[in-house]
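**Student:** Here is a sequence with its predicted model. Questions after.
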Amino acid sequence: MHQPRRRLLLVLSIGLLPAVTWALLAPPRFPGPHARPRAGAGNGVGGYEFETRYFRQRLDHFSFPGVGDEEFFQQRYLVGHAGGWAGPGGPIFFYCGNEGDIAWFAANSGLVWEAAPRFAALVVFAEHRYYGKSMPFGSKDKAYNSSRSLAHLTAEQALADYAVLLTDLKRNLSAEASPVVLFGGSYGGMLAAWMRLKYPHISVGALASSAPILQFEDIVPHTIFYDLVSNDFKRESLSCFQTIRDSWKELDEQGNVQDGLLKLSKTFHLCQTLKSSEALSDWLSSAYSYLAMVDYPMSSDFLMPLPANPIKEVCRNIDKQPEGTSTLERIYAGVNVYYNYTGTVDCFDLDDDPHGMGGWDWQACTEMVMPMTSSEDLSMFPRYEFDYGLYADNCVKSFGVRPRPRWITTEFGGHNISSVLEKFGSNIIFFNGLLDPWSGGG
């Protein structure tokens, strides 16, 4: 939730655009960097106990290489009883893994764990190929080596993994009659919905949370994501909204004067001196987007340790600074709530990717093309118009591949979705928090 990551970030390059505009080109990945997964992935995380298992998975489900030429990898999945499974015939709650370490998602999917005992359900969290410990070719370096090694990192292959894993697991448990309910959030929610459509015989239903299956082509307005992020800030404080809106120009101007990058690096307590201001713009805009995704009324540490109503806290920090405080100093005081609420960070590394979600860059440069723009009237971000030609050219430069912007809607649908779901999709629950910027695409 994560288009390509904003360092490349959405693998687009700066090209001829101003640095401050480039920073806003790339929509955030699902769900975002800079969070640290909890320890103890072997036996449980977040208070939830599970057993870690591996399944020998076929690398390519859609071809038939000769005997001896087949390629396989070890797919990780987590099995938890969450208070006791009813046994064969009892339900299975299956979480469709996202673009990251599956233990991280297991630790932050309380609904699955809390609902399971009520239904005596077996809980399974399956890791998405090319993420976490589910690496083809034996290591991340080899898996991410080239476009050839990444070629099988697709939503279609991931769904086939889940279908094969579930079928084998049910057979081994003598649970062929057990009903399966699919779960997923964000990209995982998209996968849960798509799996229910593509493999209706595998599950009886799906719960897709914050799943922007309509964020493709022109199904929804391209401005919707950043307009919703901006509105989340505006509803808390108009002055906060305006300060953020004014900050991009100041950041860009300071980055272009002598010693400006050094001053910016000191103002924002960065571990290394900036080489360009767009990296900082990306870091800031990522924080605002992620804050909108996790603007919960209770404290949480899904992306980062955060207080309840974190956007309110950010705006309070921006607005309460004494008279004479510069705009960029106010911005640092605000964004520090997101990146350093615990006060334990001495400096910030803009290239941190602790959840190992870099594979999303590839996915966004192949099939997950989500056009996003920033409007002049409603957004606190600089105006930007999505340029598919530039987007595609930079994917070619970065990965040697050209995106297929219409493949997702060809493969899974999206246009006239109500009619499609009425005719072909049953028992799929879509739900969103109205403050969640992905709600505009789902």
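**Tutor:** Now that the structure is in, tell me what you want to look at.

**Student:** How are the helices of the stretch 301-442 of the chain distributed by residue range?
**Tutor:** For the stretch 301-442 of the chain, the helices defined by DSSP state H, counting those that start in this stretch cover 310-319, 327-339, 359-364, 388-399, 407-412, 417-424.

**Student:** Show me which of those helices has the highest average neighbour count.
**Tutor:** Comparing those by mean neighbour count (mean count of other C-beta atoms under 10 Å), helix 359-364 comes out on top with a mean of 25. In short, each C-beta sits where N, CA and C put it, glycine included.

**Student:** Please save the CA atoms from it in CSV.
**Tutor:** This file holds the C-alpha atoms of helix 359-364, laid out as CSV (Å, rounded to 0.1, in the frame of the first residue of the first chain):
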residue,chain,number,x,y,z
GLY,A,359,9.1,-5.9,-3.7
TRP,A,360,6.2,-3.5,-4.1
ASP,A,361,8.3,-1.4,-6.3
TRP,A,362,8.3,-4.3,-8.8
GLN,A,363,4.6,-5.0,-8.4
ALA,A,364,3.8,-1.3,-9.1
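
**Student:** if we can go back for a sec, the helices of the stretch 301-442 of the chain: which one's closest to Leu78?
**Tutor:** Closest of those to Leu78 is helix 359-364, at 19.5 Å (criterion: C-beta to C-beta).

**Student:** elements contacting that closest one?
**Tutor:** Contacts defined by 3 or more C-beta pairs under 8 Å, 6 or more residues apart in numbering; DSSP states H and E place helix 359-364 against helix 388-399.

**Student:** What sits closest to Leu270 if chain neighbours are left out?
**Tutor:** Excluding the flanking residues, the one nearest Leu270 by C-beta to C-beta, 6 or more residues apart in numbering is Phe348, at 5.4 Å.

**Student:** Relative to Asp301, how far out is the one you found?
**Tutor:** 17 Å (C-beta to C-beta, to the nearest Å).

**Student:** Compare these two and say which is more crowded by neighbours.
**Tutor:** For Phe348 versus Asp301, neighbours defined as other C-beta atoms under 10 Å are more numerous around Phe348 (19 against 16).

**Student:** residue contacts, the more buried one?
**Tutor:** Listed by C-beta atoms under 8 Å, 6 or more residues apart in numbering, the contact partners of Phe348 are 268-271, 283, 339-340.

**Student:** So which of the residues you listed wins on neighbours?
**Tutor:** Trp283 (25 neighbours).

**Student:** mind checking how far that one is from Arg316?
**Tutor:** 21 Å.

**Student:** same thing with Val180?
**Tutor:** Taking C-beta to C-beta, one finds Val180 at 45 Å from Arg316.

**Student:** what does Arg76 give?
**Tutor:** Taking C-beta to C-beta as the measure, Arg76 falls 41 Å from Arg316.

**Student:** what about the helices in the stretch 151-300 of the chain?
**Tutor:** 155-172, 187-198, 224-234, 238-255, 260-267, 277-293.

**Student:** Buried deepest among those, which one?
**Tutor:** Highest mean neighbour count among those (mean count of other C-beta under 10 Å): helix 187-198, a mean of 27.

**Student:** Can you tell me which helices and strands that helix packs against?
**Tutor:** The contact analysis (3+ C-beta pairs under 8 Å, 6+ apart) places helix 187-198 against strand 92-96, helix 155-172, strand 180-185, strand 205-209, helix 407-412, strand 428-431.

**Student:** Give the rounded mean pLDDT of it.
**Tutor:** In this model, helix 187-198 has an average pLDDT of 97.

**Student:** orientation of it relative to strand 92-96 in degrees?
**Tutor:** Helix 187-198 runs at 120 degrees relative to strand 92-96, counting by axes from the mean of the first three to the mean of the last three C-alpha atoms, to 10 degrees.

**Student:** quick check: angle from helix 187-198 to strand 205-209?
**Tutor:** Computed with the same axes, to 10 degrees, the direction of helix 187-198 lies at 150 degrees from that of strand 205-209.

**Student:** So which residues make contact with helix 187-198?
**Tutor:** Here helix 187-198 makes contact (C-beta under 8 Å, 6+ apart) with 1-2, 30, 95-99, 105, 128, 155, 158-159, 162-163, 182-184, 202-203, 205-213, 412-413, 424-425, 427-428, 430, 442.

**Student:** same check, this time on stretch 129-142
**Tutor:** Here stretch 129-142 makes contact (C-beta under 8 Å, 6+ apart) with 57, 59, 71, 73-76, 97-103, 127-128, 143-145, 149-150, 152-153, 157-158, 161, 356-357, 359.

**Student:** how about it as CSV, C-alpha atoms only?
**Tutor:** Taking Å, rounded to 0.1, in the frame of the first residue of the first chain, the C-alpha atoms of stretch 129-142 are listed here in CSV:
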residue,chain,number,x,y,z
ARG,A,129,5.8,-14.9,-2.1
TYR,A,130,9.0,-12.7,-2.3
TYR,A,131,8.3,-11.2,1.2
GLY,A,132,9.4,-12.1,4.7
LYS,A,133,11.0,-15.5,4.6
SER,A,134,9.2,-16.8,1.6
MET,A,135,11.9,-16.2,-0.9
PRO,A,136,12.3,-18.0,-4.2
PHE,A,137,15.9,-19.0,-5.1
GLY,A,138,16.9,-19.3,-1.5
SER,A,139,17.5,-15.6,-0.6
LYS,A,140,16.2,-12.1,-1.1
ASP,A,141,19.4,-11.1,-3.0
LYS,A,142,18.8,-13.9,-5.5
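
**Student:** quick one: buried residues of it?
**Tutor:** Buried positions in stretch 129-142, judged by neighbour count with 16 or more other C-beta atoms under 10 Å: 129-136, 140.

**Student:** If we only consider these, which is nearest to Ile311?
**Tutor:** Distances from Ile311 to the buried residues of stretch 129-142, taken as C-beta to C-beta, are shortest for Tyr131 (28.5 Å).

**Student:** so what's that closest one scoring on pLDDT?
**Tutor:** pLDDT, read off for Tyr131, is 96.

**Student:** do Asp377 as well
**Tutor:** On pLDDT, Asp377 comes in at 86.

**Student:** Relative to Phe183, how far out is it?
**Tutor:** From Asp377 across to Phe183, the span is 38 Å (C-beta to C-beta).

**Student:** So between the two, which is more surrounded?
**Tutor:** With neighbours defined as other C-beta under 10 Å, Asp377 and Phe183 compare such that Phe183 has more, 25 against 7.

**Student:** Thanks again, I'm all set now.
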